[in-house]
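Novice: Any chance you can model this:
(2 chains)
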Amino acid sequence: MTWDWSAIADFMPRFWDGVLITLQVLVLGSLISFTLGLVWAIAFRAPTRFIRWPVNLVTEFIRTTPLLVQLFFLYFVLPEWGVQFSALTTGTIAIGLHYSTYTAQVYRAGIEAVPPGQWEAATALSLPAHRTWIAVILPQAVRRITPALGNYVIAMLKDTPLLAAIGVLELLQQSRLESASTFQYTEPLTLIGIAFVLIAYPASLLVRALERRLVR
Amino acid sequence: MTAGLWQNWVLPGIWITVQLLVYSAALAAVVAFTVGTARTHRSRTVRFLAGFYTEIFRGTSALVLMFWLFFVVPPLMGRQLVPMWAAVLALGLSYGAYGAEIVRGALNSVAVAQREAGIALSFTPWQRLRLILLPQAVPEMMPSFCNLLIELLKGTALVSLLGVGDVSFAAYLVRLATQESAQIYTISLVIYFVLAFVLTRSMKALERRTKRNLGIESPPGLLGGLFAKDPGRERAEDKLAGTAVAGGASK
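Specialist: Numbers count the residues shown, from 1 in each chain, chains lettered A, B, ... in the order given. Okay, the predicted model is just below:
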């Protein structure tokens, strides 16, 4: 078994395509999970238990079942219900939905950390609910939770290879295609493994730096 | 779904998932405790090696690692790994790296004076670890380990992509055979949910037991992760329990 540098050179065009798709999934998936997570988190505090209870159940269900199975569920079941998405869109939605249940817990913790006096002050000033959230609570919560959200972005990055299972052309799928045509498994797989470390490690350093600056 | 598929694929699939979970959790625990304690070691080299391990295995994707162990390692070693063991190895090594961070954090959270007391009593480092540090650190680790175990359970679904016949793989085959996607995938998601629920319940019980060994009584959480979500109250009660212990020690 020898290491073949020319296999790496041949793989490079596909590799960059894969990097682009992976990053695209990561950015869009993060946006979905950040917004949807906020929706869940606000629903956790709904005044009636008829909203709180189902939301808790649904998010708990999504959180404790595997992303891979959810991916297959969306990919195979949505078309049966007449909703047709490309593999890339399905994958991005699946990853965003899955991680929204994690970010929801982060938001929840951040919102709970806002002192109760702030809620009372908003009530005393008779601010409407949406102003209380947007102008008082969220600005104070977001500061604390940014590092935790960053951690989930890194986790999401490491889950993007799952999308290969439904044929999305991200890094792993590109290396599988390459190996299928050249029978060289070692070089492409090792390269993308290193690529993940090279993206994830500086990102985690960044999150740690953020944590030092924002959380005191 | 026909009965034959259920008996031939789904039920054995559940069994394989459970086996995978047990084996890889055992491996992950060994890795976590070894690497985690190595990160608090005196020698800088040992600390560096353990840190290096954690960063590499936490940095890369578990699925890519699994493919790498399955396709790259066999030609290097000149022998094939059974898919099941490639999977257990990949899951155990990568989730062990996450566990190592939990172990390190918990060991660091034990009061420094406890370690110093051990030194004053001229305990060997091993005795200090076994008799003083770990008994106090383990209850600290339990909630995080519970989360990690759920992550590991979800991670086992990845092995279906190597062709190991777990629940996800069974779902895939049954879908191919019957074309009833909605039904079979709903069932398999529910199976995972039930497994996870059983896990959190038993880990909560274990947590209460380890805490009781330290004299901390935590409230019995019967409904647990699903319905009894009042973290504020839980935290307050934890704090109360904490002061009770501290008060007892000062008397």
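Novice: And the helices in the stretch 1-150 of chain B, which stretches?
Specialist: B:3-5, B:11-38, B:44-59, B:62-71, B:73-77, B:83-109, B:112-120, B:125-127, B:134-155 (DSSP state H, counting those that start in this stretch).
Novice: and the nearest residue to A:Ala135 once chain neighbours are set aside, what helix or strand is that in?
Specialist: Computed as C-beta to C-beta, 6 or more residues apart in numbering or on different chains, the closest residue to A:Ala135 that is not its neighbour in sequence is A:Leu127, at 7.2 Å. Heads up, the C-betas are built off the backbone N, CA and C, glycines and all. Per DSSP states H and E: A:Leu127 is located in neither a helix nor a strand.
Novice: Chain A contacts on the stretch 1-150 of chain B?
Specialist: B:55-56, B:58-65, B:67-68, B:71-72, B:75-76, B:150 (C-beta under 8 Å from any C-beta of the partner chain).
Novice: Now which of these would you call buried?
Specialist: B:55-56, B:58-65, B:67-68, B:71-72, B:150 (16 or more other C-beta atoms under 10 Å in any protein chain shown).
Novice: any weak-confidence spans in chain A?
Specialist: For chain A, the stretches flagged by pLDDT under 70 are A:1, A:215-216.
Novice: Specify the helix with the largest residue count in it.
Specialist: Ranked by residue count, the top helix of chain A under DSSP state H comes out as helix A:5-44.
Novice: how far does the next helix or strand after that one sit from the chain's center?
Specialist: Under the assignment DSSP H and E, the closest C-terminal helix or strand after helix A:5-44 is helix A:49-64. The chain centre lies 19 Å from the centre of helix A:49-64; the measure is C-alpha atoms, centre = their mean, to the nearest Å.
Novice: Mind listing residues that contact helix A:49-64?
Specialist: Applying C-beta atoms under 8 Å, 6 or more residues apart in numbering or on different chains, the contact partners of helix A:49-64 are A:40, A:43-46, A:70, A:97-98, A:100-102, A:104, B:150, B:153-154, B:189, B:192-193, B:196-197, B:200, B:225-227, B:229.
Novice: Mind doing that once more with 7 Å?
Specialist: With contacts defined as C-beta atoms under 7 Å, 6 or more residues apart in numbering or on different chains, helix A:49-64 is touched by A:40, A:43-44, A:46, A:97-98, A:101-102, A:104, B:150, B:192-193, B:196, B:225-226, B:229.
Novice: now that helix against helix B:134-155, angle please.
Specialist: If you take axes from the mean of the first three to the mean of the last three C-alpha atoms, to 10 degrees, helix A:49-64 sits at 90 degrees to helix B:134-155.
Novice: Would you mark the buried spots in helix A:49-64?
Specialist: Applying a neighbour-count criterion of 16+ other C-beta under 10 Å, one finds A:Arg52, A:Val55, A:Asn56, A:Thr59, A:Glu60, A:Phe61, A:Ile62, A:Arg63, A:Thr64 buried in helix A:49-64.
Novice: Distance check, the fourth one against A:Ala104.
Specialist: A:Thr59 sits at a distance of 6 Å from A:Ala104 (criterion: C-beta to C-beta, to the nearest Å).
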